[in-house]
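Colleague: Next come a sequence and a model predicted from it.
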Amino acid sequence: MPVIDDLNLSPKTRVVIWEINESLQDLESNVVLSEDSLKLLNQKKSEIHKKQFLAIRNIFKFLCIDDKDVKYDKAGKPIFSQNKTLSISHSRNYAAVIISNHSVGIDIEKISDKAIKIKHKFLQIELNYPIEFGNQTSLIYWNIKESIYKAMGIMGLDFKKNILALPLDINATKCKSWYVNNDDIYSFETYFGISKNYTLAFVIKN
């Protein structure tokens, strides 16, 4: 089983990361898909997108989550029926899920230069920090902001104006971040990590 990380942050919050190295047939044979999930799977055109979808379902099975109990809202946010919140992410051959009784978000990204190329589109205050914005730092900021976007579930949220993260210590595993919109201010426990192939962040709303 290609679970490469299984983090129990508390009795009620858990993160699982999966490296996709199976065939499409093997991924599909390991799970029982609901009718809705079968429709979603059949709508996906590329093999990697099908694999990512099935890897998430394999993580659900690993977490003892019945696929039919997971629905999606209009924004595409997964909704779990057992008073738990879910967030999912995938990038290339990696997939990740966080489950908690708090509002949570997660984002995983295969290491590349895509975030540094567009950093001015999602960073604002952060660009004034006295830190070096390399590929990894830029990706982690993207991970954090994408995770908060998922946790908040607000359509039209502005990554530059509504989400703030403090300067990163690339050797650490935590930082501080907030959602800010006029008088609405929410803080998040914010965790991040770097492997040789991917960056990851997940947030838990305080």
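Modeller: Now that the structure is in, tell me what you want to look at.
Colleague: So for the longest helix along the chain, what gets flagged as buried?
Modeller: The longest helix of the chain (DSSP state H) is helix 135-152. Applying a neighbour-count criterion of 16 or more other Cβ atoms under 10 Å, one finds 136-152 buried in helix 135-152. (Glycine included, C-beta is placed from N, CA and C.)
Colleague: Need the mean per-residue confidence for it.
Modeller: Averaging pLDDT along helix 135-152 yields 97.
Colleague: same for the next helix-or-strand element following it, what does it pack against?
Modeller: The helix or strand immediately downstream of helix 135-152 is helix 159-162, counting by DSSP states H and E. Helix 159-162 sits against helix 119-122, strand 174-181, with contacts defined as 3 or more Cβ pairs under 8 Å, 6 or more residues apart in numbering; DSSP states H and E.
Colleague: so what secondary structure elements neighbour the last one?
Modeller: Right, strand 174-181. So strand 174-181, by 3+ Cβ pairs under 8 Å, 6+ apart, packs with helix 135-152, helix 159-162, strand 163-165, strand 184-194.
Colleague: ok, Leu123 - contacts?
Modeller: 138, 141, 159-160 (Cβ atoms under 8 Å, 6 or more residues apart in numbering).
Colleague: can you do 7 Å?
Modeller: Applying Cβ atoms under 7 Å, 6 or more residues apart in numbering to Leu123 gives the contacts 141, 160.
Colleague: Then Thr173?
Modeller: Here Thr173 is in contact with 191-193 (criterion: Cβ under 7 Å, 6+ apart).
Colleague: how far away is it from Phe192?
Modeller: Thr173 sits at a distance of 7 Å from Phe192 (criterion: Cβ to Cβ, to the nearest Å).
Colleague: now swap in Leu41 and tell me
Modeller: In terms of Cβ to Cβ, Leu41 sits 30 Å off from Phe192.
Colleague: Those two - which one has more neighbours?
Modeller: Between Leu41 and Phe192, Phe192 has the larger neighbour count (other Cβ atoms under 10 Å), namely 25 against 15.
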